[in-house]
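K.L.:
Okay, predicted coordinates and the sequence, questions at the end:
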Amino acid sequence: MDPGDFDRSRRRISRGFQGLPGRGELWFSPRPASGFPGDRRSTDVQETSPLLEDLRRRLTRAFQWAMQRRASRRAQEAAAALEEQSRERVEVALAGLRAELVEMHFQNHQLARTLLDLNMKVQQLKKECELGFTSDSQSPKDNAANSE
């Protein structure tokens, strides 16, 4: 066995294990710099096929569409969050107003009761005054009649 045989067998073994994981080789063998074997198209960067150009345009549009959709979804979520916050603020304000209305209703009843009590006292005082006037007016007559 000469040294060339060893080199050839080493190359044959490494080709046999290409694509197998864990063998120290790449999973997929790298493509040659000149393109696929038998490919007559140029690999020059400036020359692109219409198929690749179409694929690039489609991918660009899909990416832009996805980004716009993501941005609009975020905007919708932000708007929904703001709406929820404003709804919560309105509900808190309404709860405060309801509590104030209940307190005002209670105070209204207290004032009405107080006014009714005062009205009854005023009526009683009027009656007492009328009775006092009639008794005072009757007393001098009675006193004159009694003195005769």
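P.N.:
Everything's here; your move.

K.L.:
Please make it C-alpha for all contacts and neighbour counts, starting now.
P.N.:
Will do.

K.L.:
Can you list the low-confidence ranges for this structure?
P.N.:
Regions of the chain meeting the criterion pLDDT under 70 cover residues 1-47, 138-148.

K.L.:
just the helices in it please.
P.N.:
3-16, 50-147 (DSSP state H).

K.L.:
Can I get those in JSON lines including mean neighbour count?
P.N.:
As requested, the helices of the chain are arranged in JSON lines below (neighbours: other Cα atoms under 10 Å):
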{"stretch": "helix 3-16", "mean neighbour count": "10"}
{"stretch": "helix 50-147", "mean neighbour count": "12"}
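
K.L.:
can you tell me how far A79 sits from S86?
P.N.:
Taken as Cα to Cα, to the nearest Å, the spacing of A79 relative to S86 amounts to 10 Å.

K.L.:
A99 now?
P.N.:
Remark: distance between A99 and S86 (Cα to Cα) = 20 Å.

K.L.:
same thing with T134?
P.N.:
Using Cα to Cα, one gets 71 Å for the distance from T134 to S86.

K.L.:
can you check T48 too?
P.N.:
The spacing between T48 and S86, counted by Cα to Cα, is 54 Å.

K.L.:
Same check on R57?
P.N.:
Remark: distance between R57 and S86 (Cα to Cα) = 43 Å.

K.L.:
again, but for R74
P.N.:
Taken as Cα to Cα, the span from R74 to S86 is 18 Å.

K.L.:
try D117
P.N.:
D117 sits 46 Å away from S86, going by Cα to Cα.

K.L.:
now G96
P.N.:
Distance of G96 to S86, given as Cα to Cα: 15 Å.

K.L.:
ok, now L116?
P.N.:
Distance of L116 to S86, computed by Cα to Cα: 45 Å.

K.L.:
can you check D54 too?
P.N.:
D54 is 47 Å from S86, by Cα to Cα.

K.L.:
cool, Q110 as well?
P.N.:
Q110 is 36 Å from S86, by Cα to Cα.

K.L.:
and if you look at F133?
P.N.:
When F133 is compared with S86 (using Cα to Cα), they lie 69 Å apart.

K.L.:
now swap in M67 and tell me
P.N.:
Taken as Cα to Cα, the span from M67 to S86 is 28 Å.

K.L.:
before we move on, what about A71?
P.N.:
A71 sits 22 Å away from S86 when distances are taken as Cα to Cα.
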